[in-house]
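Asks: could you work out the structure for the sequence below:
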Amino acid sequence: ARGELRAAGESSARREHGIHDELTAQELQIATLAAGGLTNRQIAERLFLSHRTVGSHLYRIFPKLGVATRAQLATALHAGRRD
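Replies: Below you'll find the predicted structure:
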């Protein structure tokens, strides 16, 4: 898209990569609920998933955001971008 804009004589600013670029919509939803203090079972009940599925998502979310705990997860989500 940027190339098309350039060809038309327009420009576009580069945007910073944020947390939404790192996580899928479901991962973001799970991360937000986990950061809010819900257990895997509580998250699973709300999203109609298995608690094991929630755990699997969190297992993949933590390294994507460079965090190791739910407290760090809350900080990363609040900052809105990966450090």
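Asks: tell me which helix or strand Tyr59 sits in.
Replies: Following DSSP states H and E, one finds Tyr59 within helix 51-65.
Asks: what lies in contact with that helix?
Replies: With contacts defined as CB atoms under 8 Å, 6 or more residues apart in numbering, helix 51-65 is touched by 19, 22-23, 26-27, 30-31, 34, 39-41, 43-44, 47, 68, 73, 76, 82. Every C-beta, even on glycine, is put in place using the N, C-alpha and C of the backbone.
Asks: and Ile61, how many neighbours?
Replies: By other CB atoms under 10 Å, the residues close to Ile61 number 20.
Asks: distance check, it against His51.
Replies: Ile61 sits at a distance of 15 Å from His51 (criterion: CB to CB, to the nearest Å).
Asks: help me confirm that Leu73 comes into contact with Val67.
Replies: Yes. Counting by CB atoms under 8 Å, Val67 is a contact partner of Leu73 at 5.1 Å.
Asks: by mean pLDDT, point me to the weakest helix or strand of this protein.
Replies: Scoring the helices and strands of the chain by mean pLDDT, DSSP states H and E places helix 19-22 at the bottom, with a mean of 73.
Asks: which among the contacts of helix 51-65 count as buried?
Replies: With burial judged by 16 or more other CB atoms under 10 Å, the buried subset of the contacts of helix 51-65 is Ile19, Glu22, Leu23, Glu27, Ile30, Ala31, Ala34, Asn40, Ile43, Ala44, Leu73, Ala76.
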